[in-house]
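Colleague: model this:
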Amino acid sequence: MAYLSLYRRLRPLAFDQLTGQGHVTRTLSHALSRGQLAHAYLFCGPRGTGKTTTAKILARAVNCHHYPAPEPCGECPPCRNIAAGVSLDVIEMDAASNRGIDEIRELRERTRYASGESRYKVYIIDEAHMLTNEACNAFLKTLEEPPPGVIFILATTDPSRLPSTIVSRCQRFDFHLLTVEQIGEKLRQVIEDEGWRAEDEAVRLMARLAEGSLRDALGILEQCSAYDDEMLTAEHVRSLTGVTRVETIGALIEALAAGDLEAGLQTLQEIIYSGRDLTMLLRDLIFFFSRLLLGGTPGRLQLEESYYGFEDLLKQYRGRFHRAYLLELIELLHGLSGEMRYAHYPQFTLEVAYIRMMRLLHREELPAAAAVESPVTPQKSGSPKKAAAPAAIAAQKPAAPSRSAAKGAAAAEPPSEQPAAPRQSARQKEAAVPPTGAAPSHDGPAGSPEPPPADTAADADWWEQLLREVKARKKVVYRHLNAAQGHKLEGNRLLLIYQSGDFAGERIMETNHRRLLEESCREIFDRHLQIRVRYVESEPQSALEGDTHTVPPPAPRESSGGGPSGKKGERSYRFEEAERLFPGEVFEVQ
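Modeller: Numbers count the residues shown, from 1 in each chain. Prediction:
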């Protein structure tokens, strides 16, 4: 006989052999012993939890010569034939490849014929959620009132994709993920029966990697058993599955706690180039930081930590990370797991994320000059406190003096060792534009720096936080918002300035995009802001001198719900966009 996989050889043949599904087996056993059979069953649950196995046991039990009985005997001809897979009265269908209305029509025709040697004809439809809507509708009447002697058993991993009309016609049983203890106990029993030897740590590691699926656990055990004939060790399991050692994760966390970026990146390089699974590394890091939030919780969580092997590491680092930073780290890592799924170079994405984690934990330790020159604000994925109104932020940041005032101060006072005022980028200075021709007021002594308005000092902060907030929600809206040539707060109104012909202004005012932007503004400012768009004929030009940023005067048009509308005698923005994309000479044809 050809070699059979371990999980196929060890497939349970009775309800009492199933692991971790006592609520299902108890109900079915009582129904069988009373002869209370339903015409349709729906088995739902994750992979490897025993749905198809339970369906086969149920098919044997209803056709057993000792029925009604809580278990199949396993000795009569129907039990043996069904277990061997040669019975003509138990039909297994894969709905993923037989999902159309033609296959369901053929199934309806076959149900009209009586069973051969068995009491019932049992149809086991696996992955039932793959049936099309038309096939489900065609199946409804047969499922509701099947011919006598026909039982349907539907198995699915995603019951939410099944129509409610199908679910309501079945008795539904939900299969649960197995715990690490249940899988570990089953693996020890299998190792003993097969005559193998394995370290206790290796068994715990395999049970954790199975993620609640006993079939996955048996597959890992079978693969690792071929690695070494003498003893199955935890290092063998790590080599085959790509799990990172707890000691290596500890070195990575220690470098993070100490602020040693060089050591952390070196450890990360060793993990990457040793072939470790980066997804599993992220999962371990999320588990570690989330358990640090709980403190020394006794009982069930402590037992779970022992199976992960992090109990000593958790004791070492409890209390070393602030709770607010832990929340940010967990959210950052959670978002990273989605980014790495589609990244072309996951290792670079992971390195950048590690640098962000380092900056998050040690941003208050930046030198004063560096902190002024390059202010660091936390990502949306967990900032410890939101930005207040611009005036409140301005009260916490030093105001940058204007150029004219700075010259007067330099002439009146001797040089000092105070750090230089931060240079602002053009985008950061756009909302801080004083009206053209406005004379600066001097309330203080001559030569003293003139403090700018509160909105000017805080503009870089709230705008960057708004960009991050929008980017975290939807990157498409972020690109349209970032394309704005200028921005300004006017009371309860946020004014965005776009160049005439820029489609981003029209897209940002679409209903869904505008609503998302308003929600982001409410998150930042704790108040509702109305979004307005203004178009200018040419790009705003920065002044060569001073901290001003002016918008040229040519006839701006303001919009609150769409893009620019061309008037008679004016070129439309589509023509200007085409002219900009395809440079050349324009001819007027009469």
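
Colleague: after whichever strand or helix holds Leu140 comes which helix or strand?
Modeller: Following DSSP states H and E, one finds Leu140 within helix 133-144. Toward the C-terminus, helix 133-144 is succeeded by strand 150-156 as the next helix or strand (DSSP H and E).

Colleague: That following strand versus helix 133-144: what angle between them?
Modeller: Inter-element angle recorded for strand 150-156 and helix 133-144: 140 degrees (by axes from the mean of the first three to the mean of the last three CA atoms, to 10 degrees).

Colleague: List the strands paired with strand 150-156, with their directions.
Modeller: Sheet pairing for strand 150-156, assigned by DSSP bridges, gives strand 40-44 (parallel), strand 121-126 (parallel).

Colleague: As a check, name the ranges of all helices in the stretch 251-400 of the chain.
Modeller: Remark: helices assigned in the stretch 251-400 of the chain by DSSP state H, counting those that start in this stretch are 261-273, 278-294, 300-308, 311-317, 323-342, 346-361, 368-373, 390-396.

Colleague: Next: the stretch 451-590 of the chain.
Modeller: 454-473, 475-482, 503-508, 511-525, 573-581.

Colleague: got the CA coordinates for stretch 256-271 in PDB?
Modeller: Taking C-alpha atoms only, stretch 256-271 is exported to PDB below (Å, rounded to 0.1, in the frame of the first residue of the first chain):
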ATOM      1  CA  LEU A 256      15.300  48.800  20.900                       C
ATOM      2  CA  ALA A 257      15.100  49.500  24.600                       C
ATOM      3  CA  ALA A 258      18.700  50.800  24.800                       C
ATOM      4  CA  GLY A 259      18.300  53.000  21.700                       C
ATOM      5  CA  ASP A 260      21.200  51.100  19.900                       C
ATOM      6  CA  LEU A 261      20.100  51.400  16.300                       C
ATOM      7  CA  GLU A 262      23.300  49.800  14.900                       C
ATOM      8  CA  ALA A 263      23.000  46.700  17.100                       C
ATOM      9  CA  GLY A 264      19.300  46.400  16.300                       C
ATOM     10  CA  LEU A 265      19.800  46.600  12.500                       C
ATOM     11  CA  GLN A 266      22.600  44.100  12.800                       C
ATOM     12  CA  THR A 267      20.400  41.600  14.600                       C
ATOM     13  CA  LEU A 268      17.600  42.300  12.100                       C
ATOM     14  CA  GLN A 269      20.100  41.500   9.200                       C
ATOM     15  CA  GLU A 270      21.000  38.200  10.800                       C
ATOM     16  CA  ILE A 271      17.300  37.300  11.100                       C
END
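
Colleague: list the buried ones in that stretch?
Modeller: 256-257, 264-265, 267-268, 271 (16 or more other CB atoms under 10 Å). Using the backbone N, CA and C atoms, a C-beta is placed for each residue, glycine as well.

Colleague: give me the number of residues near Arg172?
Modeller: 14 (other CB atoms under 10 Å).

Colleague: circling back: dump the helices of the stretch 451-590 of the chain into CSV; add mean neighbour count and distance to Arg534 as well.
Modeller: Listed next are these as CSV, based on neighbours: other CB atoms under 10 Å; distance: least, CB to CB, whole Å:
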stretch, mean neighbour count, distance to Arg534
helix 454-473, 21, 16
helix 475-482, 17, 14
helix 503-508, 20, 8
helix 511-525, 17, 15
helix 573-581, 13, 14
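
Colleague: Which among the strands paired with strand 150-156 is found nearest to Trp463?
Modeller: Among these, strand 40-44 comes nearest to Trp463, with 48.4 Å by CB to CB.

Colleague: average model confidence for whatever helix or strand comes next after that closest one?
Modeller: In the C-terminal direction, the helix or strand that comes right after strand 40-44 (DSSP H and E) is helix 51-63. Mean pLDDT, computed over helix 51-63, is 94.

Colleague: Next secondary structure element downstream of helix 51-63?
Modeller: helix 77-84.

Colleague: after that next one, next one along is what?
Modeller: strand 90-94.

Colleague: Please list the outside residues in contact with whatever helix or strand comes next after that next one.
Modeller: Heading C-terminal from strand 90-94, the first helix or strand you meet, by DSSP H and E, is helix 101-110. Helix 101-110 has contacts (CB atoms under 8 Å, 6 or more residues apart in numbering) with 91, 93, 123, 131-132, 134-135, 138-139, 142.

Colleague: Who's the closest spatial neighbour of His334, skipping the chain neighbours?
Modeller: Ile286 (6.5 Å; CB to CB, 6 or more residues apart in numbering).

Colleague: ok, the one you found - contacts?
Modeller: Counted by CB under 8 Å, 6+ apart, Ile286 has contacts 330, 333-334, 337.

Colleague: Adding neighbour count, write the contacts of helix 101-110 out as CSV.
Modeller: Formatted as CSV, these follow (neighbours: other CB atoms under 10 Å):
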residue, neighbour count
Ile91, 15
Met93, 18
Tyr123, 24
Leu131, 27
Thr132, 14
Glu134, 12
Ala135, 19
Ala138, 20
Phe139, 25
Thr142, 20
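
Colleague: about what we covered before: in terms of secondary structure, what does the helix holding Leu140 contact?
Modeller: Here helix 133-144 is seen to pack against helix 101-110, helix 164-167 when contacts are counted using 3 or more CB pairs under 8 Å, 6 or more residues apart in numbering; DSSP states H and E.

Colleague: Try it again at 6 Å.
Modeller: Packing partners of helix 133-144 (3 or more CB pairs under 6 Å, 6 or more residues apart in numbering; DSSP states H and E): helix 101-110.

Colleague: List the buried residues in the helix it packs on.
Modeller: Neighbour-count burial for helix 101-110 [16+ other CB under 10 Å]: 101, 103-104, 107-108.

Colleague: again, but for stretch 210-223
Modeller: 210-221.

Colleague: what two of these are the furthest from one another?
Modeller: It's Gly212 and Leu221 that sit farthest apart of the buried residues of stretch 210-223, by CB to CB, at 15.4 Å.

Colleague: Quick one: closest of the helices of the stretch 251-400 of the chain to Lys56.
Modeller: Nearest to Lys56, of these and by CB to CB, is helix 300-308 at 31.0 Å.

Colleague: looking only at pLDDT, what's the mean for the closest one?
Modeller: Per-residue scores along helix 300-308 average to 60.

Colleague: that older thread, would you mind giving the helices of the stretch 251-400 of the chain as JSON lines with distance to Ile151 added?
Modeller: Compiled in JSON lines, the helices of the stretch 251-400 of the chain are given as follows (distance: least, CB to CB, whole Å):
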{"stretch": "helix 261-273", "distance to Ile151": "52"}
{"stretch": "helix 278-294", "distance to Ile151": "40"}
{"stretch": "helix 300-308", "distance to Ile151": "39"}
{"stretch": "helix 311-317", "distance to Ile151": "48"}
{"stretch": "helix 323-342", "distance to Ile151": "41"}
{"stretch": "helix 346-361", "distance to Ile151": "47"}
{"stretch": "helix 368-373", "distance to Ile151": "71"}
{"stretch": "helix 390-396", "distance to Ile151": "68"}
